[in-house]
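>>> My questions concern the predicted model and sequence given below.
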Number of protein chains: 4
Amino acid sequence: MTLQLDDLRVRHLGECRYDSPLAEMLSTKQTSPHYVAEGDRVLLEDTVSMLAEHRLPPARVPSFEGAGPRRKIYFDPARVTAGIVTCGGLCPGLNNVIRGLVQELAVHYKVKRILGFRNGLRGLTAEHRHDTVELTPAHVRGIHKDGGTILGSSRGGQDAEEMVDSLVLRGVDIMFVIGGDGGMRAATYLSDAIRARGLDIAVIGVPKTIDNDLPFTDQSFGFQSAFARATDFIASVSVEAASSPNGVGIVKLMGRHSGFIASYAALAANGADIVLIPEIPFAFEGPDGLLAHVEQRVRAKGHVVIVLAEGAGQDLLDQPGPQRNGRGTDASGNVKLGNVGELLKERIAAHLAAAGLAPTMRYIDPSYSIRSIAANAYDSVYCLRLAHAAVHAAMAGRTAAAVARWRRRFVHVPLSLMTSRRNQVDPDGDLWMSVLETTCQPAAFGSQPDREKVRTGFC
Amino acid sequence: MTLQLDDLRVRHLGECRYDSPLAEMLSTKQTSPHYVAEGDRVLLEDTVSMLAEHRLPPARVPSFEGAGPRRKIYFDPARVTAGIVTCGGLCPGLNNVIRGLVQELAVHYKVKRILGFRNGLRGLTAEHRHDTVELTPAHVRGIHKDGGTILGSSRGGQDAEEMVDSLVLRGVDIMFVIGGDGGMRAATYLSDAIRARGLDIAVIGVPKTIDNDLPFTDQSFGFQSAFARATDFIASVSVEAASSPNGVGIVKLMGRHSGFIASYAALAANGADIVLIPEIPFAFEGPDGLLAHVEQRVRAKGHVVIVLAEGAGQDLLDQPGPQRNGRGTDASGNVKLGNVGELLKERIAAHLAAAGLAPTMRYIDPSYSIRSIAANAYDSVYCLRLAHAAVHAAMAGRTAAAVARWRRRFVHVPLSLMTSRRNQVDPDGDLWMSVLETTCQPAAFGSQPDREKVRTGFC
Amino acid sequence: MTLQLDDLRVRHLGECRYDSPLAEMLSTKQTSPHYVAEGDRVLLEDTVSMLAEHRLPPARVPSFEGAGPRRKIYFDPARVTAGIVTCGGLCPGLNNVIRGLVQELAVHYKVKRILGFRNGLRGLTAEHRHDTVELTPAHVRGIHKDGGTILGSSRGGQDAEEMVDSLVLRGVDIMFVIGGDGGMRAATYLSDAIRARGLDIAVIGVPKTIDNDLPFTDQSFGFQSAFARATDFIASVSVEAASSPNGVGIVKLMGRHSGFIASYAALAANGADIVLIPEIPFAFEGPDGLLAHVEQRVRAKGHVVIVLAEGAGQDLLDQPGPQRNGRGTDASGNVKLGNVGELLKERIAAHLAAAGLAPTMRYIDPSYSIRSIAANAYDSVYCLRLAHAAVHAAMAGRTAAAVARWRRRFVHVPLSLMTSRRNQVDPDGDLWMSVLETTCQPAAFGSQPDREKVRTGFC
Amino acid sequence: MTLQLDDLRVRHLGECRYDSPLAEMLSTKQTSPHYVAEGDRVLLEDTVSMLAEHRLPPARVPSFEGAGPRRKIYFDPARVTAGIVTCGGLCPGLNNVIRGLVQELAVHYKVKRILGFRNGLRGLTAEHRHDTVELTPAHVRGIHKDGGTILGSSRGGQDAEEMVDSLVLRGVDIMFVIGGDGGMRAATYLSDAIRARGLDIAVIGVPKTIDNDLPFTDQSFGFQSAFARATDFIASVSVEAASSPNGVGIVKLMGRHSGFIASYAALAANGADIVLIPEIPFAFEGPDGLLAHVEQRVRAKGHVVIVLAEGAGQDLLDQPGPQRNGRGTDASGNVKLGNVGELLKERIAAHLAAAGLAPTMRYIDPSYSIRSIAANAYDSVYCLRLAHAAVHAAMAGRTAAAVARWRRRFVHVPLSLMTSRRNQVDPDGDLWMSVLETTCQPAAFGSQPDREKVRTGFC
């Protein structure tokens, strides 16, 4: 799908007629330099060849609206009620975003009423809509030091009409939905339902995905914190494997459909011999298969370290066998993954034992401990700025829009686009190339049964 | 200075005639997907209005050559000798870059001889040129876990001809210069001298600046590690100030000309009331002056926290007084800065005491402890990929070029451009805007003596 | 078993006839103040009532020999060959101990030959005895920054005679065995076999147990590092549980027979509602049972956090059921534990669901990631001093002895005593008392079915 | 001064007549196992020779009263008002102690009113006594994650009568004074004044000293956190020194009279060549002087790392010279120290330059950043248990007593003893011995001008 400029335009609730209260703060010497010029847009694509392909005049080249404060705003801040909800799995930085939203709304736009809905979209149902938290700057002062979300979260969407009712009943004018794939989809339905009723409510999404698998965003908030934490576990299995005869260290990391955490963590820890991600299929058997490579590493180095994204090799689990079938979906509608880590462990242990290399298996699944940490310094800054951008967007009457960082600019992206595709590691791109260069693993395991082995260097 | 496409072109030593040895590693099914297409270039500018301003056909729009492996390379790897030198002040990630260079050269390009010159450009002088370290993958295996540089570093340039002699005498074909402003300038002179002699030696710069003040690079390597570390010290003075009657916490951070560390660290720590950077002048006196604001914060909150970039307010030090004159230059030619932290401490202490708020002053200058740490996870990945890009550039015969990351793409930048301007915090940009939003400090201290105070909110 | 003074005496190989080479280092002004006086002994017991019970003259009160350098030593350092082996599971600080041994031996006693046997006691078998590492100060310089052991480790004992043969064949005069329960037992057999043959070889044990379950030692090395790391995972499940509707966070920590890690980590993290350890049995059912308490906490607080030592509640697993039988022993002879964590998860989930509190279960088993880290600052100091003490003991001809820290003094303990009993959390002691005070959990779960509930406070 | 048993007895306010409310919590099956037996006392001394010296029956041997809960208590919890104050410089763990006190008082003893006095003893003056904080478990729930003290602190004592008036006016029955040398002294005066007036108020001290220089305590709370943090700065200067030609790294650490932080941090960081502490005088000049040793290290190793306690070498500053005289005292009455770090820097730089080894000087003074951090895991546990012990002591009517940890037992120590002597590094003890073994520095610098150099080994 090639995107056109119109696909990238975000919806406006209407004309901006109020003076922004930020004017006082920012204007020095009668100029207001920080305001975003309405016509300034950030290019979707960044290479000459992409540009050449379009053959369009600059004004028609696909681009995103820049985020930031506007001189004129849509809502009268004195009368605004804002709502905030956090959805889906935890991710470092949720509290930072909440804190940034509340501080910007309350301090700079002087918004007086900010409601936190509890436990995800469940908090917008008829049953739970009255159980909100009143959020003030004092309330959120220190929350960024903690992981998780003070509002609670849950998986699963809710009836859009019921959610709109909640917003109307609670008097919400601006709703911030911080969530992943499921949350962005729900926010889209919500804004559709609002539009259908002709209501004057802005819905702004703040995309959240620890897997970095949402599109149109450089890196999702919390991603850097998460992969940094993941490196600790690679270090753990590396130490264990290296300290044991024929040690095999396996760490299973998050990454249902995208291997970003596994790839970045492996590059950062710099001790992995093999990285397996959902984007690159692999085979166990054959002269170029995974098992042969594992055996070769154990023989050469004495041990081997494997970083595994949870979504890798799911096709290998479809074979009949105990505990690998019956996959359903979770409350967010995600297909439940089979446990490829267990399979890997079994197969490698059996293979090495048969090869006379009685292995010491060391398997770690850090699970929640990667996502429940507080945001690191970089993500803290990022979340804060993202929250500021979200507030500016909402006050200027943007709706059905997500705020995102695109090639290092904060931009507005139509909500529906956020769920239109998935960000994945490009098997032909330079990230995966760097993984190959660092691990010295072959470009694929087992795909070319008759290609002769050529690597002999020691990496 | 408006840059034209030709300003952005990097020099090539000549035609690439050798097959890249990476082909074997990367080719799967006879394709070689990772290679960079020669014509693919990354746009210098990223907004529609910038694009519109040029009125150029895509092929003439200013753009950088993409970095990455080429199918054909210039040097015969079997005969290459590479040299590496690290220059200037320490920065997290130096060892990661060295390690990445050595691994890529030795493992993937099978380069057999890699020399590390010691203690910066001094190591290229006649006196020291024989004191090199032979670098191998085994030698560099674990060095990324340590801060500093295993090669040593020093400030100061050296005679270009003498340095060329060293390269010739030691048989160096490819020279990697990892350095800052001074190092990039020296690398430029070195490649000019090489060219003047008609020698076939590539010089590739890897830009290093903990202050993030080099141009044409998203963020310099080590910057994230450094500002993350700096947040610890903001936390320290915040704790001290908050635990003391009328506490005044001041932390002086690196940033001679650019306030990036101070700005990012203040956003991340999220506890600063005032950020002072070189880009924004400030005045002590007057109703809008710094002292009045400090007093107001102490009265309202009980304490105040100030984050100070070392280069801020240097104009205020030009007044006669003890220990503030006689500024010379250091060995890199940098003007020695006066100690604005001491001045701040004196002035604030005196002002508060006179105002009846006997202060408890807490001043920390973490100095080297911010730059001598190991790279964090993000910078580790970044350094590794930058090193890979540098090796690919050199093997493909690029010279007088730096490798950099521009809007999240690795690119080649002419060396001379790296010292042509300085990256600074834009007083009208969204980074500084976020600082103002977070600290609630006014856009400027003391520049508008007759403007009435408007901020009353509590941030 | 009441210990008598003679039980605490360690064996000496013979008379000390050589001058200690440390004399030169330590003597200032002809005094040698650091040497330990032979007659100075550290009391086994520390209270007046214990002392009164004995009714012995001071010289007969049970006491340990103090560790430290002696003025006269048994071995001629110039002719000594030392051996080092690390056994059993990993523990933070192993490399620090190795490094301390090597530095003290080589630098201060000028021992010229130090052999590292590989992969635990396996390295002392006929098959592997030639595969040793020559250890020098240069070799071990930076190893303390890494977790694990550079020598490798493995579980399982070996034939004592075969091991003695190895020492004889390799010319070892002093053998350092760093190991746990199994390692200390093997060292005892080894020194018995040496004695039986009338050989002049010293065997010194350095007790290692991450669970802190060896006796006669204040806290085992690595314990503080390990429980500090464990707090991260308590924090993780606490964040997860608190961010979820009816969240139940469970973290399973090491502790086969002793709940020290669980207790200390719970006190340090200060977020646990319930701590379960092997020393205190618990029941699920009943008005005072675990399930009722869990339910009460979820109702009162919205979530509950449980810290579980792996050895807790093993009696509850003896009931027939899937995957809980067939427990054998591992290579060290440890009984394999059933997985009480899974049982807990099942039972709590079922109970809460039945009670109408559909829970969100969050279970983390950090396993190896707690023990594979580098030693923290405290343990680094401790390991170094312990290693120094071990070298002094060996050079002075002590054998069949372990070095330990007893009430903050380094002492010599007969090896056989180290395996004579197990250090456990005293259910009546002040550590467990503090756990009860902090968690507000009852003194026992389910043991008093008819006692009325008395706690109503909120902790 | 030899201490007798009576010197170690703490004062009791009177007979304990109330049942402890902990009985319900702790009693299982009608037993109350956790209660401390009144007659059980912890020996002051721990070696056979010390014991033998006394020639006393066990009941007369000097010993401390054990801390912990009593079956009968002195105060009626329902009517108790407790006060808390924190005095002097910050130290990791202050908030943990406050939190532990409040939780134990409120949850277990059901004390209803707990007042926090603000900003140290200043908060007990007539001017400030009404500015207190009401402390509840909810109020202190998360404070242990932050450094500093939520109550604020300040230096300086206050009039004892005025402080007693404050306690009477605010109805305080139990006063907890968390403080150092100055705080313990003030608490002593306070309890003397209370006794003189015949009032029924308990004063319990919780000794705090980041320098670990208070007596009768194994290690003061916060000490481990502090020295762990200090190792980061030794690492920093080590990296800087090692990366520079003739690098000289100096880090100045806390330690006015006691070199514990310097010694422990140097052992932990394991990179220092020289440690200078107040307990061991040193001379610059002479063949065995510091300068000669520094020069020798730079020649042998290329750089040198010095860890300096701030109180070391103060005698060398008494020579006339700029900025080194006029030492007064601070508000706590501590003599202001001259800056020996600057002197060291000057002298070493001059010496090496004269020796033809133009040095690169790297000096770090981390100052407050070592003491303002949160407590680490170990100190968190320690502070909590110390706080529990303090509450038990107070409720049982002990007064003029400090709680301390003596040879790993919590005990009661008469307040006056806490300021009767200073804990220092024993130049003849095994801690300093380990420092010498690790650094390979001579036992003293310059004390034996005519002794020939004997060390040649490389450490």
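Yes, it's here.
>>> C-alpha from now on. contacts and neighbour counts both.
Fine.
>>> Any buried residues in stretch A:348-356, and which?
Going by neighbour count (16 or more other Cα atoms under 10 Å in any protein chain shown), the buried part of stretch A:348-356 is A:348, A:349, A:351, A:352.
>>> Same question for stretch A:139-152.
A:140, A:141, A:143, A:144, A:145, A:146, A:147, A:148, A:149, A:150, A:151, A:152.
>>> Could you check how far the last one is from chain D?
Spelled out, it's residue A:152. Residue A:152 sits 18 Å away from chain D, taking Cα to the nearest Cα, to the nearest Å as the criterion.
>>> Residue A:19 is in contact with residue A:71, isn't it?
Yes - counting by Cα atoms under 8 Å, residue A:19 touches residue A:71, with 6.2 Å between them.
>>> which one of the two has more residues nearby?
residue A:71 (20 against 15; other Cα atoms under 10 Å in any protein chain shown).
>>> ok, for that one, nearest residue in space, not its chain neighbours?
residue A:20 (5.4 Å; Cα to Cα, 6 or more residues apart in numbering or on different chains).
>>> So what's the residue count around the one you found?
24.
>>> so who does it touch?
A:70, A:71, A:72, A:73, A:109 (Cα atoms under 8 Å, 6 or more residues apart in numbering or on different chains).
>>> Which of the residues you listed sits closest to chain B?
In terms of Cα to the nearest Cα, no member of those lies closer to chain B than residue A:109, at 10.0 Å.
>>> To which secondary structure element is residue A:83 assigned?
Using DSSP states H and E, residue A:83 sits in strand A:81-86.
>>> what lines up beside that strand in the sheet?
The sheet places strand A:81-86 alongside strand A:113-117 (parallel), strand A:174-179 (parallel), with pairing taken from DSSP bridges.
>>> Most tightly packed of these?
Between the strands paired with strand A:81-86, strand A:174-179 has the highest mean count of neighbours, a mean of 25, where neighbours are mean count of other Cα atoms under 10 Å in any protein chain shown.
>>> for the record, mean pLDDT for stretch A:122-138?
Across stretch A:122-138, pLDDT averages out at 96.
>>> go on, stretch A:213-227?
Rounded mean pLDDT across stretch A:213-227 is 95.
>>> Next one: that stretch, is it in contact with chain B?
Yes - if you take Cα under 8 Å from any Cα of the partner chain as the test, stretch A:213-227 does meet chain B, through A:224, A:227.
>>> Straight-line length of that stretch, end to end?
With Cα to Cα, to the nearest Å as the measure, stretch A:213-227 spans 14 Å from end to end.
>>> again, but for stretch A:60-79
Using Cα to Cα, the end-to-end distance of stretch A:60-79 comes to 37 Å.
>>> got any ranges where chain A has weak pLDDT?
Applying pLDDT under 70 to chain A flags the ranges A:1, A:24-36, A:38-39, A:318-335, A:447-459.
>>> Can you show me the helices along it?
Using DSSP state H, the helices of chain A run over residues A:22-26, A:48-54, A:94-103, A:137-140, A:160-169, A:181-196, A:223-242, A:260-269, A:290-301, A:340-354, A:377-395, A:415-418, A:430-439.
>>> mind checking which of these is nearest chain C?
helix A:223-242 (5.3 Å).
>>> got a list of what residue A:132 touches?
A:115, A:116, A:117, A:118, A:123.
>>> what's the distance between it and residue A:114?
10 Å.
>>> Kindly report the same for residue A:239.
In terms of Cα to Cα, residue A:239 sits 48 Å off from residue A:114.
>>> same thing with residue A:170?
11 Å.
>>> likewise residue A:84?
Applying Cα to Cα, the value for residue A:84 to residue A:114 is 8 Å.
>>> Next: residue A:390.
14 Å.
>>> closest point of chain A to chain D, which residue?
Relative to chain D, the nearest point of chain A is residue A:145 (9.1 Å; Cα to the nearest Cα).
>>> Spatially central residue for chain A, please.
What sits nearest the mean C-alpha location of chain A, by Cα atoms, centre = their mean, is residue A:209, with 2.2 Å.
>>> Of the buried residues of stretch A:348-356, just say which sits nearest to residue B:226.
Of all those, residue A:348 has the smallest distance to residue B:226: 41.0 Å, by Cα to Cα.
>>> Correct me if wrong: that closest one contacts residue A:291.
Yes - if you go by Cα under 8 Å, residue A:348 and residue A:291 touch, sitting 6.4 Å apart.
>>> Of all the residues in stretch A:413-432, which ones are buried?
So for stretch A:413-432, counting by 16+ other Cα under 10 Å, buried means A:413-419, A:423-425, A:430-432.
>>> of these, closest to chain B?
residue A:430 (6.9 Å).
>>> For residue D:131, see how far away the closest one is.
62 Å.
>>> For the stretch 151-300 of chain A, which residues are neighbours of chain B?
A:224, A:227, A:228, A:231, A:264, A:265, A:267, A:268, A:269.
>>> for the fifth one, what are its contacts?
Meaning residue A:264. The contact partners of residue A:264, taken as Cα under 8 Å, 6+ apart, are A:227, B:381.
>>> Surely residue A:282 touches residue A:290?
Yes - in this structure, residue A:282 is within contact of residue A:290 by Cα under 8 Å, at 7.1 Å.
>>> more neighbours, these two?
residue A:290 (24 against 21).
>>> In contact with the more buried one, which residues?
A:282, A:283, A:284, A:445, A:446.
>>> Mind picking the one among these that's closest to chain C?
Closest to chain C, out of all of those and judged by Cα to the nearest Cα, is residue A:284, at 26.0 Å.
>>> can you pull the contacts of that closest one?
A:290, A:291, A:292, A:445, A:446.
>>> Chain B versus the first one, what's the distance?
As judged by Cα to the nearest Cα, residue A:290 and chain B stand 16 Å apart.
>>> got it, and residue A:405?
Counting by Cα to the nearest Cα, the gap from residue A:405 to chain B is 11 Å.
>>> count of residues packed around that residue?
Residue A:405: 22 surrounding residues under other Cα under 10 Å.
>>> correct me, but it touches residue A:218?
Yes - counting by Cα under 8 Å, residue A:405 does reach residue A:218; the two are 5.7 Å apart.
>>> residue in the stretch 101-250 of chain A nearest to chain B?
Closest residue of the stretch 101-250 of chain A to chain B, Cα to the nearest Cα: residue A:228 (5.1 Å).
>>> need the contact list for that residue.
Residue A:228 neighbours (Cα under 8 Å, 6+ apart): A:265, A:268, B:376, B:377, B:378.
>>> Which one (most neighbours) among those residues?
residue A:265 (30 neighbours).
>>> May I ask you to confirm that that residue is in contact with residue B:376?
No - applying Cα under 8 Å as the test, residue A:265 and residue B:376 come out as separate, 11.2 Å apart.
>>> what's the neighbour count on the nearest residue to residue A:341 once chain neighbours are set aside?
With Cα to Cα, 6+ apart as the criterion, residue A:341 has its nearest non-adjacent residue at 6.4 Å, and that residue is residue A:252. By other Cα under 10 Å, 26 other residues sit near residue A:252.
>>> List the beta-bridge partners for residue A:252.
residue A:308.
>>> Can you give me the distance of it to residue A:231?
Distance, residue A:252 to residue A:231, using Cα to Cα: 11 Å.
>>> now residue A:163
Residue A:163 is 40 Å from residue A:231, by Cα to Cα.
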